[in-house]
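Undergrad: Below: sequence and its predicted model.
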Amino acid sequence: MKYDYDLFVIGGGSGGVRAGRLAAEGGARVALAEEYRMGGTCVIRGCVPKKLMVFASGHSGALREAREYGWQIGEGRFDWQRFRRRLDAELDRLEGVYRANLGRAGVEIFDQRAVVAGPHEVVLADGRRFSAEYILVATGGTPFVPEVPGRELAWTSNDVFLMDALPRRVLVVGGGYIACEFACILHGLGVETAQYYRGAQVLRGFDDEARGHLAELLRDQGIDLHVGTDVERLERRDGGIRVKATDGREATFDAVIYATGRKPNTAGLGLEAAGVKLGRWGQVEVDAYSRSSVPSIYAVGDVTDRITLTPVAIREGAAFVETVFRGNPTKPEHDLVPSAVFTQPEYASVGMTEEEARDERPVEIYSAAFRPMQGAFVGRPGRVLFKLIVCAETRKVLGCHIIAPGAAEMIQMVAVAIRMGATKEDFDRTVAVHPTMAEEIVLMKTPVRRA
Ligand code: NDP
């Protein structure tokens, strides 16, 4: 045989594992190398532990509300150690599932780092060399912390899952998915939480109205959010980390968490020497089939810096196998990808923002913000937001934005309708489920504005 393997996958995260498993199930001889833990960012230090922390932190509000609803409950106290033990056990279990699934499919696993040594060659950390007809780079991303004096004092999201005890006062730096999610999680767990974001409003790239609405909710629940504010320097002082901000503000925290983006994980991977073109951020440049500038080397997932979401990486991995091993060239879909920011409440969206849509064509905007029944009953002030962006000519719904408890669950369903090309009139014809928050999505009759 010409090569040791048909496919060598580097990286055991969502994209790499799916591709390796599918290729092996189809009869290919597959190896996969992972230097850390099987499951990658999503399972080990991303989506899964984050969501479990979201659940944990949501109980503080639920307990407060339960009292208002008539339950007699004393002051609760969160036990991080107890949660952490359970979390660790769950991650171990999931890692085992991933490993077992790969093994069942016949994938050979190497628990060590692998680097590319040529278009058809990889080298393991222990020095072994293997040839493969195809190499799939699925090494994901890694947190990026900017060059700020004292940056060695900063944590990233990776460190949060591993902390021994909850800090008392925390600063989260950044205004993206991770920053907003962790600010809510830590606040919900009882940590005094501040958030500094350099731009004018958090969640750049999302719908402006929704961004403003969410920022208000973050502040209302007690997160000390400052926009237009960046960190100038960090120092260990006063028994904590003294932070000087660009607006002159100085404050001391027990931990400072940087959530200032993630960079593709390609450093030292041997890609450029093998002829693989990398982009400005180190991402592997790929075509619509995930093929790099070297025909035998493909890349999927965060390392390509397209849409850095687990379900997208999984689809890219599956499309790669269809294309390369099943003779069925398949481009992964990158449009109409729904996503959710797991703040409290969640912000979920699919399709265009109002700003994107109105730049392209005349639109009608339907939007409703109101206090949902569950909270209004006990005098909780937070309002939910439901918003549809509709093309004035075709009547198609171009985008949907929801800020509400359970918004992520709702958007999954809306995404199907939008993908099918649903018009506003299709939404209107759909009977409401009463009494729910979600019924608002089919009850908004008059546009709040046209643009
Ligand atoms: P994001 O790109 O979402 O946000 C990065 C934030 O850091 C932005 O607010 C950005 O500001 C700010 N920033 C960047 N560079 C600097 C700098 N030098 N100094 C100060 N601030 C800076 O990245 P995240 O790390 O939050 O998440 C990475 C990706 O992971 C997300 O884009 C998403 O695709 C995925 N993810 C998805 C989740 C989900 O589906 N729920 C959850 C978590 C992550 P600015 O806007 O001004 O550039």
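TA: In hand now; what should we look at?

Undergrad: Tell me how many other residues surround the residue in the chain that the ligand sits nearest to.
TA: Of all residues in the chain, residue 176 sits closest to the ligand, at 1.9 Å by Cβ to the nearest ligand atom. Glycine gets a C-beta too; all of them are placed from N, C-alpha and C. Residue 176 sits with 19 neighbouring residues when counted by other Cβ atoms under 10 Å.

Undergrad: That one and residue 206 touch, don't they?
TA: No. Counting by Cβ atoms under 8 Å, residue 176 does not reach residue 206; the two are 9.7 Å apart.

Undergrad: Now stretch 205-212: average pLDDT?
TA: Stretch 205-212 shows a mean pLDDT of 98.

Undergrad: ok, now stretch 405-422?
TA: Computed over stretch 405-422, the mean pLDDT rounds to 98.

Undergrad: go on, stretch 383-391?
TA: Here stretch 383-391 scores 98 as its mean pLDDT.

Undergrad: need the residues of this structure near the ligand, please.
TA: Counting by Cβ under 6 Å from any ligand atom, the chain comes close to the ligand at 146, 174-179, 181, 197-199, 204, 230, 259-262, 308-309, 339-342.

Undergrad: Among those residues, which are located in strands?
TA: Among those, the residues falling in strands (DSSP state E) are 197, 262, 339-341.

Undergrad: If you rank those by neighbours, which is first?
TA: Within these, most neighbours by other Cβ under 10 Å means residue 197, with 26 neighbours.

Undergrad: Kindly provide the distance from it to residue 180.
TA: To residue 180, residue 197 is 9 Å away according to Cβ to Cβ, to the nearest Å.

Undergrad: what are the phi and psi values for the most centrally placed residue in the chain?
TA: Centre of the chain computed as the mean C-alpha position; nearest residue by Cα atoms, centre = their mean is residue 309, 5.5 Å away. Reported as degrees, to the nearest 10, the phi and psi values for residue 309 are phi -130, psi 140.

Undergrad: which residue packs closest to it, ignoring adjacent ones?
TA: Of all residues not flanking residue 309 in the chain, residue 339 sits nearest, at 5.9 Å (Cβ to Cβ, 6 or more residues apart in numbering).

Undergrad: dump the residue contacts of the one you found.
TA: 309, 348-350 (Cβ atoms under 8 Å, 6 or more residues apart in numbering).

Undergrad: Dig out what it forms beta bridges with.
TA: Counting by DSSP bridges, residue 339 is bridged to residue 349.

Undergrad: so residue 406 makes contact with residue 344?
TA: No. The criterion here is Cβ under 8 Å, and residue 406 misses it with residue 344 at 11.2 Å.

Undergrad: Those two: which is more packed in?
TA: A side-by-side neighbour count of residue 406 and residue 344, using other Cβ under 10 Å, places residue 344 first with 22 against 16.

Undergrad: what separates that one from residue 3, distance-wise?
TA: With distances taken as Cβ to Cβ, residue 344 is found 50 Å from residue 3.

Undergrad: go on, residue 78?
TA: Going from residue 78 to residue 3 by Cβ to Cβ gives 53 Å.

Undergrad: same question, residue 144
TA: 35 Å.

Undergrad: Show me where the stretch 251-400 of the chain has its helices.
TA: 310-325, 354-360, 373-376 (DSSP state H, counting those that start in this stretch).

Undergrad: Give me whichever of the ones you listed is most buried.
TA: Greatest average neighbour count among the helices of the stretch 251-400 of the chain goes to helix 310-325 (a mean of 23), per mean count of other Cβ atoms under 10 Å.

Undergrad: That helix - contacts with which helices or strands?
TA: Counting contacts by 3 or more Cβ pairs under 8 Å, 6 or more residues apart in numbering; DSSP states H and E, helix 310-325 packs against strand 5-10, helix 14-25, strand 129-137.

Undergrad: ok, now with 6 Å
TA: helix 14-25 (3 or more Cβ pairs under 6 Å, 6 or more residues apart in numbering; DSSP states H and E).

Undergrad: Dump the helix or strand just after the helix it packs on to CSV, keeping only the CA atoms.
TA: The element immediately downstream of helix 14-25 (helix or strand, assigned by DSSP states H and E) is strand 30-33. Backbone C-alpha positions of strand 30-33 (Å, rounded to 0.1, in the frame of the first residue of the first chain) are rendered in CSV as follows:
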residue,chain,number,x,y,z
VAL,A,30,-8.0,6.4,9.6
ALA,A,31,-5.7,7.7,12.4
LEU,A,32,-6.4,10.6,14.7
ALA,A,33,-3.9,12.4,16.9
